[in-house]
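Peer 1: I need the structure of the sequence given here:
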Amino acid sequence: FSFNVSFNALVSLLCAALLVSMSALACGPDFPMTLLDRREQIMSGLPEGVFDFEAKQLVPKPDDALVAVNGGGWWDEPDEARDKAEAHGLSASQVQALRAMRSAASADEALGLAADLPRDVALYTAGAVAFGQNDLLAALTYFQSVAALPDGERSSRGLWASFMEGRVQRLNGDPAAASLAFERTRTLARAGAADPLGLAVASLGAQARVLRESGDVAGAVRLYAQQAAYGSNVGFTSLLFVARAAVNDPVQIDALLADEVGSKLLLAYLYSRYNELIDIDPEAEYQDFNAPADGPRLLALLDRIAATPSIPAPDKVAAIAYRAGRFEQAAKLAEQSQSALAAWVRAKLALRAGNTDAAAQAYAAAAKA
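Peer 2: Okay, the predicted model is just below:
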């Protein structure tokens, strides 16, 4: 071989060795920093799940074209996305009139600056000005005026006005009217109305908030779960907040356990965020957030879930039981599912029992799944 070939081969070998050493550190959000120097401890542990991933799987994504829009400001706050959406389809002079309306001191003054703006754009923008000034009565009147226009005259702002009507009705203390407006928003979007700001998906979370404030936590979770299934970051966060509140309230736990999606949410929380249930000692200098998942609150909730007539996700309950040191319970539950997670739990249990052949088979099943 020439020197160049040998030298290149040597460099390749050195790079490969470096990659192997780097992979041994395998730093990541859900795995320990080292995977090889504490082999027994690492192989016996079961990494926690990722809440956002679990939340997205609570319900199937609906079979429609609604799209979640993440990032940016809110629809009633000035930002680049809203400005771009408002200006779409308007001439330069109409955009100038729209900006003048947005800067008006009152809704009536704004409407007087509408110039040649389309009727639905003018009425909606006047309503938005009133909403920004907390004049809810005027805002509702203007938004409902958009809905009253003929179909061909509200193509630009009909969906927006419906969404904002829902927000106003919620603030007015009329949850039924608010829910109807949010449902209408989604109906309009599914019928083809333009929705550049993703208000149809946002309406799921807005309606869920109405239900939660009315005491229907299970109904709220079902809507938040649909929002999360579309990929909405707000849906993920809302579900996490609901779960955190529920695990501290027996009434909410009862309501969620009586509902299939609610039960799945509690399981997703315990599977991915069990360390949040570790009791904090305010006097301690060091808090062990990697403590075993065997705290009294977690075990009590695990017992409640395991006692339900039909466990919605036995593989997750098995994983939770495994982390809590309830290996016999974990084994029984893992046998009830053929999922990748259940196979992973069976592999961990086989390793604990010293049965490496069974562990290898279970790991292979998990990898295949």
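
Peer 1: all contacts plus neighbour counts: C-alpha atoms, from now on.
Peer 2: OK.

Peer 1: can you give me the end-to-end distance of stretch 207-221?
Peer 2: 11 Å (CA to CA, to the nearest Å).

Peer 1: Oh, that last question was meant for stretch 305-314, not what I typed.
Peer 2: 10 Å.

Peer 1: what mean pLDDT does stretch 220-235 have?
Peer 2: Averaging pLDDT along stretch 220-235 gives 96.

Peer 1: likewise stretch 197-216?
Peer 2: Averaged over stretch 197-216, pLDDT sits at 97.

Peer 1: can you give me the helices in the stretch 1-150 of the chain?
Peer 2: For the stretch 1-150 of the chain, the helices defined by DSSP state H, counting those that start in this stretch cover 3-25, 39-44, 51-56, 80-87, 92-102, 107-112, 119-132, 136-147.

Peer 1: Name the next helix or strand following the last one along the chain.
Peer 2: Beyond helix 136-147 on the C-terminal side, the first helix or strand identified by DSSP states H and E is helix 158-171.

Peer 1: buried residues in that following helix?
Peer 2: Within helix 158-171, the residues scored as buried using 16 or more other CA atoms under 10 Å are 158-170.

Peer 1: can I have that helix written out in PDB, keeping just the CAs?
Peer 2: Extracted C-alpha coordinates of helix 158-171, given in PDB (Å, rounded to 0.1, in the frame of the first residue of the first chain):
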ATOM      1  CA  GLY A 158     -65.700  35.100   9.000                       C
ATOM      2  CA  LEU A 159     -63.600  32.400  10.800                       C
ATOM      3  CA  TRP A 160     -61.600  35.000  12.700                       C
ATOM      4  CA  ALA A 161     -64.700  36.700  13.900                       C
ATOM      5  CA  SER A 162     -66.200  33.400  15.100                       C
ATOM      6  CA  PHE A 163     -63.100  32.600  17.100                       C
ATOM      7  CA  MET A 164     -63.000  36.100  18.700                       C
ATOM      8  CA  GLU A 165     -66.700  35.800  19.500                       C
ATOM      9  CA  GLY A 166     -65.900  32.700  21.500                       C
ATOM     10  CA  ARG A 167     -63.300  34.600  23.500                       C
ATOM     11  CA  VAL A 168     -65.600  37.400  24.200                       C
ATOM     12  CA  GLN A 169     -68.500  35.100  25.300                       C
ATOM     13  CA  ARG A 170     -66.100  33.300  27.700                       C
ATOM     14  CA  LEU A 171     -65.100  36.600  29.200                       C
END
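
Peer 1: Having no further points to raise, I will conclude here.
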